[in-house]
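Peer 1: Have a look; sequence and predicted model below, questions after that.
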Amino acid sequence: MEKLRFLTANDLEKIKIEFGTPTFVYDESILRANAKEVMSFPNEFGLFPRYAMKSAPTSAILRIFNQEGLGIDASSVHEVERAIRSGFGTELISLSTQELADDIKYFAQDGVKVNLCSLNQIHRFASLIKGQKVGLRFNPGMGSGGTNRTNVGGPASSFGIWKEDINEAKRLCKEYGLKVERIHTHIGSGSDPEIWKKVAAMSLDIVSQFPGVHTLNLGGGYKVARMPDEKATNLQEIGEPVRQLFIEFEKETARKLKLEIEPGTFLLAHACSLVSTIQDVTTTGKEGYRFLKLNAGMTEILRPSLYGAQHPIFVVPEPGQESFREECPQVIVGHCCESGDLLTPAPGDSEVLAPRLLPRGEIDDICVIEGAGAYCSSMCAKNYNSFPEAAEVLKKTDGTLAFIRKRQTFDQLIENEVVP
Ligand SMILES: *Cc1c(COP(=O)(O)O)cnc(C)c1O
């Protein structure tokens, strides 16, 4: 068996018998090690890393990061609620949302930090609550996302106040008596130190226009290498030039800025694998393909269908059978009646089938999909074809396995339905 990142043959046997498949398995040791790495991001005048919880919001994961000293980046008031229920104090939570709900009034009064992400959000927030300290999220005019759909900066992105609207934002905050104390930019997935440096410089330019700002939040987007040909982000490498810029800024302005970062992918991606079972195999002749059909798919992992994302995939036959399985090109598909339910698209092109060279899979083999921690369980096509939501399990530091989210029951699937 080719080497899995953290699952052992013994773990797989246990998952199969005690927990069933499909099941997401998170590794506590990796989660904690990643948190420690994030806590050591280069900085000069203080650092507060926030976990971008939309990547994987299960309570047990939030609690681990709370223990490690991370704060929270929430993307809706519902995530704020979820973080509070998992033990985070309101003062540890920051909200940057695309939909500013009225409830924000009470959370803001309780100490949740709000980053206003559009001119309309400034109007709206001011109408709900008076005299607050706020953050402003800007779109600095460039991004570095791996694909169009993960790029969250530049003119094609709706996130944040457009850079040319700075004066209008300033004017509105003044008019409403909102004190701007934080600037936020988050421009998408990248690993290039040059780009981070450029964005940090652009963000500091914005900060220089707001004398009351004490914190610059550079968001997340620290790309990881799921596949061998992808380039991972080295936090020390991208952080060091940013630290230098903070030092220069202090020399010029005598302002010691605190740094915040908000990784999601970086903390989670490698810390989870989806364990599934091959439940059917079909072929389409000489001109066609050999398809392995899992008992999972877009109902668990949507990223490949959404933007041609690549995940490491392992076919794991019963112990003792490995030697009979020569490698051949195979297409991995999900269990939904939907041709887009594809786990092996071409890189960046979800429309094209890209067969992978894998041990010849047979029915009842285990299939492990790695790199499944971020934006998989949290961003799936849940309940499509009425498949129940998969279970989540934690592999604890002592090696034992425990549910952190049980498999959805059939009753839960239909519980809100009403026949009038
Ligand atoms: C999604 C998001 C993040 C995390 O992005 P990653 O690519 O997972 O690191 C951070 N900040 C904000 C505002 C986000 O929306």
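Peer 2: Noted; the coordinates are in hand.
Peer 1: Pretty sure Leu4 sits against Gly371.
Peer 2: No: using CB atoms under 8 Å, Leu4 makes no contact with Gly371, being 11.6 Å away. (Each C-beta comes from the backbone N, C-alpha and C, glycine too.)
Peer 1: Which neighbours do the two have in common?
Peer 2: Ser273 (CB atoms under 8 Å, 6 or more residues apart in numbering).
Peer 1: Quote the end-to-end distance of stretch 351-369.
Peer 2: Its first and final residues considered, stretch 351-369 spans 20 Å by CA to CA, to the nearest Å.
Peer 1: Between Leu4 and Gly371, which is the more surrounded one?
Peer 2: Gly371 (27 against 17; other CB atoms under 10 Å).
Peer 1: tell me the contacts of the more buried one?
Peer 2: Gly371 touches 224, 226, 269-270, 273, 311-312, counting by CB under 8 Å, 6+ apart.
Peer 1: What sits closest to it if chain neighbours are left out?
Peer 2: Arg226 (3.6 Å; CB to CB, 6 or more residues apart in numbering).
Peer 1: Retrieve the pLDDT associated with that neighbour.
Peer 2: Looking at Arg226, its pLDDT reads 97.
Peer 1: how near is the nearest residue to Ala381 once chain neighbours are set aside to the ligand?
Peer 2: With CB to CB, 6+ apart as the criterion, Ala381 has its nearest non-adjacent residue at 4.4 Å, and that residue is Met298. The gap separating Met298 from the ligand is 20 Å, by CB to the nearest ligand atom, to the nearest Å.
Peer 1: a strand runs through Met298, doesn't it?
Peer 2: No: counting by DSSP: H, G, I helix; E, B strand; the rest coil, Met298 is not part of a strand but coil.
Peer 1: Using the record's domain definitions, break this protein down for me.
Peer 2: What automatic domain parsing lists as the domains of the chain is 9-22+270-408, 28-263.
Peer 1: For Ile414, find the nearest of those.
Peer 2: Closest to Ile414 of those, according to CB to CB: domain 9-22+270-408, at 8.5 Å.
Peer 1: And the contacts of the longest helix seen in the chain?
Peer 2: The longest helix of the chain (DSSP state H) is helix 235-253. Under the criterion CB under 8 Å, 6+ apart, residues 37-38, 40-45, 191-193, 196-197, 200-201, 204, 207-208, 216, 218, 222, 255-257, 259, 266 lie in contact with helix 235-253.
Peer 1: just the helices in this structure please.
Peer 2: Under DSSP H, the chain gives helices at 9-14, 28-39, 59-67, 77-85, 104-109, 119-128, 166-176, 193-208, 235-253, 265-268, 303-307, 410-413.
Peer 1: May I see these organised as a markdown table, with mean pLDDT and distance to the ligand added?
Peer 2: Formatted as a markdown table, the helices of the chain follow (pLDDT from 0 to 100; distance: least, CB to the nearest ligand atom, whole Å):
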| stretch | mean pLDDT | distance to the ligand |
| --- | --- | --- |
| helix 9-14 | 97 | 26 |
| helix 28-39 | 98 | 10 |
| helix 59-67 | 98 | 13 |
| helix 77-85 | 98 | 11 |
| helix 104-109 | 95 | 15 |
| helix 119-128 | 97 | 13 |
| helix 166-176 | 97 | 17 |
| helix 193-208 | 93 | 12 |
| helix 235-253 | 97 | 12 |
| helix 265-268 | 98 | 4 |
| helix 303-307 | 96 | 12 |
| helix 410-413 | 98 | 27 |
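Peer 1: Pull out the buried positions in stretch 109-126.
Peer 2: 112-118, 121-122, 125-126 (16 or more other CB atoms under 10 Å).
Peer 1: how many neighbours does the closest residue to Pro355 other than its chain neighbours have?
Peer 2: In space, not counting the residues next to it along the chain, Pro355 is nearest to Pro329; the distance is 3.6 Å by CB to CB, 6+ apart. Neighbours of Pro329 under the rule other CB under 10 Å: 12.
Peer 1: Which of the helices of the chain has the highest mean neighbour count?
Peer 2: helix 265-268 (a mean of 28; mean count of other CB atoms under 10 Å).
Peer 1: Name the surrounding residues that touch it.
Peer 2: 31, 34-35, 38, 51, 55-56, 61, 65, 189, 220-224, 233, 235, 373-375.
Peer 1: try 6 Å
Peer 2: Identification of contacts with helix 265-268 by CB atoms under 6 Å, 6 or more residues apart in numbering yields 34, 55-56, 222, 224, 373-374.
Peer 1: Point out the residues in the stretch 201-350 of the chain that sit beside the ligand.
Peer 2: By CB under 6 Å from any ligand atom, the part of the stretch 201-350 of the chain that sits against the ligand consists of 219-222, 262-266.
Peer 1: I'd like to know how far Glu81 sits from Pro57.
Peer 2: 11 Å (CB to CB, to the nearest Å).
Peer 1: Quick check: bridge partners of the nearest residue to Val316 once chain neighbours are set aside?
Peer 2: Computed as CB to CB, 6+ apart, the closest residue to Val316 that is not its neighbour in sequence is Ile366, at 4.2 Å. Counting by DSSP bridges, Ile366 is bridged to Thr277, Val316.
Peer 1: Show me what the residue in the stretch 51-200 of the chain that the ligand sits nearest to is bridged to.
Peer 2: Closest to the ligand within the stretch 51-200 of the chain is Ala52: 3.3 Å, counting by CB to the nearest ligand atom. Ala52 has the following beta-bridge partners by DSSP bridges: Asp73.
Peer 1: Ok, Lys179 next?
Peer 2: Residues in beta-bridge contact with Lys179 (DSSP bridges): Lys133.
Peer 1: give the contact list for Ser305.
Peer 2: Contacts of Ser305 (CB under 6 Å, 6+ apart): 298, 340, 342, 350.
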